[in-house]
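> coords please:
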Amino acid sequence: MSVEIQHITKLFREQKALNDISFNIGTGEVVGLLGPNGAGKSTLMKIITGYLSPTSGNVIINGINTQKDPIGIRQKIGYLPEDNPLYSEMFIREFLEFIGHIYKMKGLNNRIDEIIRLTGLTPEQNKKINTLSKGYRQRVGLAQALIHNPDVLILDEPTSGLDPNQIRDIRDLISAAGQEKTVILSTHIMQEVEAICDRIIILDKGQLIADEQTVNIQSKSLAENQTVLVEFDHNPGKEILQKISGVGTVLQIKENKWLLQSQSIEDIRPIIFQFAVDQKLTVLSLAEQEKSLENIFQELTKKK
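I've put the predicted structure just below:
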């Protein structure tokens, strides 16, 4: 089940919430949709699900334009919005039965049993929704998104309000769903993205600013802004180290240990080794300092 986003633009009067966004997602991909508050993530998700129409552009799901068949497309999509609207006076099973009838599902009772087990709702299954903790309400929202076994799963902050054990359980569930579904996940928890997302798409001010495989985005950032921790057998001095080709920032950590940063696209480690040879230094240790996804996100979205 493919999802094609074709030149999506969305205007709210004079404000441009999304500006010419395009990307494709294939079956079996779990994609993290990231961005600061107000970047356009929730707006894009609502457009993909058909709850909001774009000003221009198209969303194509498995070859079908969502604007031409919005009802049919919703049968194929499971959606957990950020505000997780629930009928709080209903019992959990009653609510899931109501959602199942909307989708005209067969074998609904068995499916409700299965989805309650999958989402960890078994201990609370006989309670009213308004008596549940925030974490369990979030599980009910996820259950309603999954109950009709959709081909595309759109999740806006799915682990909000969950404790660490619950977060792990929901991550496992999303990862399992991603084996056979197309999953788009919006979250502010970077560890969550690193744990379960194959690919990362970053929006900022309505613009698409990054679209990379999770395993590649760190290496791309490191190439553009490389930091190396090096220790010599004796102290060459800051002025000497600043003469190394490509090195910009030089920071002394200990007597003979230095943090060297380069914005060159060239790997500076061989240059450092050659420098050590020329200066008759011995390199005791040299390690590239990896950035966290949070660091990379901040660099890409920081205010100019």
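> Outline the domain layout of the chain.
3-219, 225-301 (automatic domain parsing).
> can I assume I154 is in contact with T49?
Yes. Between I154 and T49 there is a contact under CB atoms under 8 Å: 5.6 Å. C-betas here are computed from N, CA, C, even on glycine.
> on that earlier part again, least reliable of the domains of the chain by average pLDDT, please.
If you rank the domains of the chain by mean pLDDT, domain 225-301 sits at the bottom with a mean of 82.
> Could you give the separation of that domain from the chain centroid?
How far domain 225-301 lies from its chain's middle: 31 Å, per CA atoms, centre = their mean, to the nearest Å.
> cool, and stretch 119-126?
27 Å.
> Could you list the buried residues of it?
T119, G120, L121, E124 (16 or more other CB atoms under 10 Å).
> Number of residues surrounding the closest residue to L18 other than its chain neighbours?
Counting by CB to CB, 6 or more residues apart in numbering, L18 lies nearest to K10, which is 4.2 Å off, once chain neighbours are set aside. The number of residues packed near K10 is 22, by other CB atoms under 10 Å.
> Over to I112?
Burial of I112 is recorded as 23 neighbouring residues (other CB under 10 Å).
> pretty sure D20 is in a strand, no?
Yes. Counting by DSSP: H, G, I helix; E, B strand; the rest coil, D20 is part of a strand.
> Would you mind measuring from it to K68?
Per CB to CB, to the nearest Å, D20 is found 21 Å from K68.
> same thing with E231?
For E231 relative to K68 (CB to CB), the value is 63 Å.
> out of I154 and T49, which sits in the busier spot?
I154 (25 against 22).
> Tell me the bridge partners for that one.
Judged by DSSP bridges, the bridge partners of I154 are Y79, I184.
> List the contacts of it.
I154 makes contact with M45, I48, T49, I77, G78, Y79, L80, A145, I184, according to CB atoms under 8 Å, 6 or more residues apart in numbering.
> hang on, the earlier thing: in JSON lines, list the buried residues of stretch 119-126 along with distance to K243 and secondary structure.
Output for the buried residues of stretch 119-126, formatted as JSON lines (distance: CB to CB, whole Å; DSSP: H, G, I helix; E, B strand; the rest coil):
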{"residue": "T119", "distance to K243": "60", "secondary structure": "coil"}
{"residue": "G120", "distance to K243": "59", "secondary structure": "coil"}
{"residue": "L121", "distance to K243": "64", "secondary structure": "coil"}
{"residue": "E124", "distance to K243": "66", "secondary structure": "helix"}
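> For beta bridges, what are the partners of Q252?
Here Q252, judged by DSSP bridges, has bridge partners W258.
> Could you check how far it is from T227?
14 Å.
> and what of G57?
39 Å.
> just E294 next, same as before
15 Å.
> Give me the more crowded residue out of those two.
The neighbour comparison of E294 against T227 (other CB under 10 Å) goes to T227, with 17 against 14.
> In this protein, what residue spans correspond to helices?
41-49, 70-74, 92-102, 108-118, 134-146, 164-177, 190-196, 214-224, 238-241, 269-278, 293-301 (DSSP state H).
> export these to JSON lines and tack on distance to I25?
JSON lines is the format used below for those (distance: least, CB to CB, whole Å):
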{"stretch": "helix 41-49", "distance to I25": "10"}
{"stretch": "helix 70-74", "distance to I25": "15"}
{"stretch": "helix 92-102", "distance to I25": "25"}
{"stretch": "helix 108-118", "distance to I25": "23"}
{"stretch": "helix 134-146", "distance to I25": "17"}
{"stretch": "helix 164-177", "distance to I25": "14"}
{"stretch": "helix 190-196", "distance to I25": "15"}
{"stretch": "helix 214-224", "distance to I25": "14"}
{"stretch": "helix 238-241", "distance to I25": "45"}
{"stretch": "helix 269-278", "distance to I25": "36"}
{"stretch": "helix 293-301", "distance to I25": "19"}
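> among those helices, which is nearest N84?
Proximity to N84, assessed across the helices of the chain by CB to CB, is greatest for helix 134-146 (4.0 Å).
> what comes into contact with that closest one?
Applying CB under 8 Å, 6+ apart, the contact partners of helix 134-146 are 78-80, 84, 86, 92, 95-96, 99, 115-116, 118-121, 124, 129, 132, 153-155, 158-163, 166, 170, 173, 177.
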